[in-house]
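Q: Predicted model and sequence follow; I will ask about them next.
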Amino acid sequence: MEQIKIVIAGPRGRMGSEAVKLVEQTTNFTLAAVVDHKYEGKSLKDLDGFDVDVPIYTDIDKCFFETNPHVLIDLTTPEIGKIHTKKALLNGVRPVVGTTGFSEEDLKELQELTVEKGIGAIIAPNFAIGAILMMKFSQMAAKYFQDVEIIEQHHDQKLDAPSGTGLKTAEMISAVRETKQQGHPNEKEILAGARGAEYNGIRLHSVRLPGLIAHQEVLFGGDGQTLKIRHDSYNRASFMSGVKLAVESVMKVDLLVYGLENIIE
Ligand SMILES: NC(=O)C1=CN([C@@H]2O[C@H](COP(=O)(O)OP(=O)(O)OC[C@H]3O[C@@H](n4cnc5c(N)ncnc54)[C@H](O)[C@@H]3O)[C@@H](O)[C@H]2O)C=CC1
Ligand SMILES: O=C(O)C1=N[C@H](C(=O)O)C[C@H](O)C1
């Protein structure tokens with residue numbers, strides 16, 4: 001089986017540390033190096049909680065040049081993730097991006113870069129299979145229920161709101177639903193933000209609390225009935241089978257895939 005050489009950016013993070021374990025446990029994956037914003041020149045095994053002897057780079061271009069990986073897994077921050085994804089494509093490295101907070105313009109720019117470079121990239125707002133099904137089921141339900149609100153709940157260390165999953169869900173629903181302004185036409189927010197964010201008339205509400213991991217409910221309303229579609233991630237291991245699938249899949253595509261629902265059958 002051919003080895004896939006991988007660089008992970010953000011190895012000390014909640015997701016990145018889980019991804020290091022995944023890569024180490026997967027027979028056809030090899031961890032070539034990691035990218036952090038500190039500890040240049042050290043080995044990952046010098047840091048608490050790791051026993052993997054791979055170099056740490058702070059300069060991602062240097063990392064790509066010296067280690068020549070096939071794939072970058074980025075699990076950093078919205079701002080850094082965009083820079084890393086672009087640099088990966090420019091260096092001929094296939095990005096698998098879990099980092100959220102990318103705008104439509106960012107996605108368009110990256111999609112154009114994959115075309116220009118002729119290599120694939122996967123940007124997945126959520127790697128958990130249950131979350132992907134939640135989004136797909138919500139898209140199905142939206143054909144029958146026009147009125148929908150999305151309530152996403154995350155831990156209070158999350159930087160972006162709404163979540164990538166919440167936004168992707170709204171995009172997927174919008175693709176099949178005629179734009180509708182929900183609620184009373186004369187409704188007025190007494191406190192700004194009370195009705196949440198809006199995407200093509202769909203309301204998105206973001207809850208941030210300690211104790212939470214990643215949860216979302218898509219709530220549909222119709223005549224005398226409601227339908228709730230809910231997904232909960234109780235740990236970060238829930239995302240790892242999707243990361244594995246994305247790494248294997250990115251080796252076979254030559255364009256930008258936005259969302260794992262485009263990969264799974
Ligand atoms: N697609 C998915 O299924 C999931 C996506 N996420 C997303 O993944 C990202 C990371 O989430 P968490 O692990 O919870 O965050 P975290 O805050 O625990 O980890 C982020 C890591 O990035 C590192 N970092 C910051 N600047 C860097 C730089 N210049 N170079 C390299 N590393 C740098 C930080 O040191 C930190 O260790 C977020 O955008 C989050 O929304 C999180 C969970 C699931
Ligand atoms: O920051 C997180 O934790 C998560 N981020 C992703 C998102 O923004 O949707 C995926 C998951 O919800 C966890």
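A: Received the coordinates, thanks. Ligands and ions are numbered 1, 2, ... in the order given.

Q: Could you give the number of residues near the residue of the stretch 1-150 of the chain found nearest ligand 1?
A: Residue nearest to ligand 1 within the stretch 1-150 of the chain: G13 (2.2 Å; Cβ to the nearest ligand atom). The C-beta positions use only the backbone N, C-alpha and C, and glycine is treated the same way. Burial measure for G13: 19 neighbouring residues, criterion other Cβ atoms under 10 Å.

Q: Could you measure from the nearest residue to I264 once chain neighbours are set aside over to ligand 2?
A: Once flanking residues are discounted, I264 sits nearest to I132: 6.3 Å by Cβ to Cβ, 6 or more residues apart in numbering. Distance, I132 to ligand 2, using Cβ to the nearest ligand atom, to the nearest Å: 11 Å.

Q: which residues touch the residue of the stretch 1-150 of the chain closest to ligand 1?
A: L75, T76 (Cβ atoms under 8 Å, 6 or more residues apart in numbering).

Q: check contacts around the residue nearest to E178 when sequence neighbours are not counted.
A: Computed as Cβ to Cβ, 6+ apart, the closest residue to E178 that is not its neighbour in sequence is Q146, at 7.1 Å. Counting by Cβ under 8 Å, 6+ apart, Q146 touches R177, E178, K180.

Q: what does the model give the second one for pLDDT?
A: It stands for E178. Here, the pLDDT recorded for E178 equals 87.

Q: Quick check on the closest residue to ligand 2 within the stretch 1-150 of the chain: phi, psi?
A: Nearest residue of the stretch 1-150 of the chain to ligand 2 (Cβ to the nearest ligand atom) works out as T100 at 3.6 Å. Phi and psi for T100, reported as degrees, to the nearest 10, are phi -110, psi 170.

Q: quick one on the thing from earlier: can you tell me how far the residue of the stretch 1-150 of the chain closest to ligand 1 sits from A33?
A: 16 Å (Cβ to Cβ, to the nearest Å).
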